[in-house]
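Colleague: build me a structure from this.
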Amino acid sequence: MQLAFELYSNKIQSESDMKKLEEQEMECVIEYVLGEWIRKYFRMKLIANTTKIPSITSSYSDMPFHSNGFHSSTESTALKTLTAEEWLHFFHEGLNKLPEMHQEIIEKKYLKRGYDGKYTPDDLVYQEMHLGRTQYYQKKKESLYWLGLALINGLK
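Modeller: The predicted structure is shown next:
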């Protein structure tokens, strides 16, 4: 009887340990999405949508140019814009892999800002989506986690 109890308690401990590890993984992925992707979204969108007219005026200097050869401001601007467009395309590919409700939560909460530049408050989002508060926060957490997994798997 004692052995059965010990095996059962070890199983419970290992299940609770697994659950803790899963929660820690989920929190890490959510932090990654918020820190590395959501935070950069508007900056990349601005770079991708900015049309900068390069200078056509010649400049002379006795300082050496870049060591890798010719480097023009036109090239630099084009590369920045292209990189930002690719970044946005990759982000939206990952977002489109999510179920519709999860996409909607991320779009309404994080990809639209008010006139003051702040994210839409959670209570407005869940009211607009006709969700209960608890259900909204659970779905929001799932949304960020699944987006993170989609983005991480897309990088591999």
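Colleague: and the most centrally placed residue in the chain, how far is that from Ile30?
Modeller: The residue lying closest to the centre of the chain (Cα atoms, centre = their mean) is Trp37, at 2.9 Å. From Trp37 across to Ile30, the span is 11 Å (Cβ to Cβ, to the nearest Å). For glycine as for every other residue, the C-beta is placed from the backbone atoms N, C-alpha and C.
Colleague: what sits against the closest residue to Arg113 other than its chain neighbours?
Modeller: Nearest non-adjacent residue to Arg113, counting by Cβ to Cβ, 6 or more residues apart in numbering: Tyr119, 6.2 Å away. If you count contacts by Cβ atoms under 8 Å, 6 or more residues apart in numbering, Tyr119 has them with 109-110, 113.
Colleague: contacting residues around the strand or helix carrying Lys40?
Modeller: Per DSSP states H and E: Lys40 is located in helix 39-49. Here helix 39-49 makes contact (Cβ under 8 Å, 6+ apart) with 80-81, 84-85, 87-88, 91, 110-111, 113.
Colleague: mean confidence (pLDDT) on stretch 148-156, please.
Modeller: Per-residue pLDDT over stretch 148-156 has a mean of 84.
Colleague: same thing with stretch 112-132?
Modeller: Stretch 112-132 comes out at a mean pLDDT of 90.
Colleague: mind checking the end-to-end distance for it?
Modeller: Start-to-end span of stretch 112-132 (Cα to Cα, to the nearest Å) is 21 Å.
Colleague: any residues in contact with both of Trp37 and Ile30?
Modeller: Here Trp37 and Ile30 share the contacting residues Gly148, scored by Cβ under 8 Å, 6+ apart.
Colleague: a markdown table for the contacts of Tyr119, including distance to Leu98 and secondary structure?
Modeller: Formatted as a markdown table, these follow (distance: Cβ to Cβ, whole Å; DSSP: H, G, I helix; E, B strand; the rest coil):
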| residue | distance to Leu98 | secondary structure |
| --- | --- | --- |
| Lys109 | 13 | helix |
| Tyr110 | 13 | helix |
| Arg113 | 21 | strand |
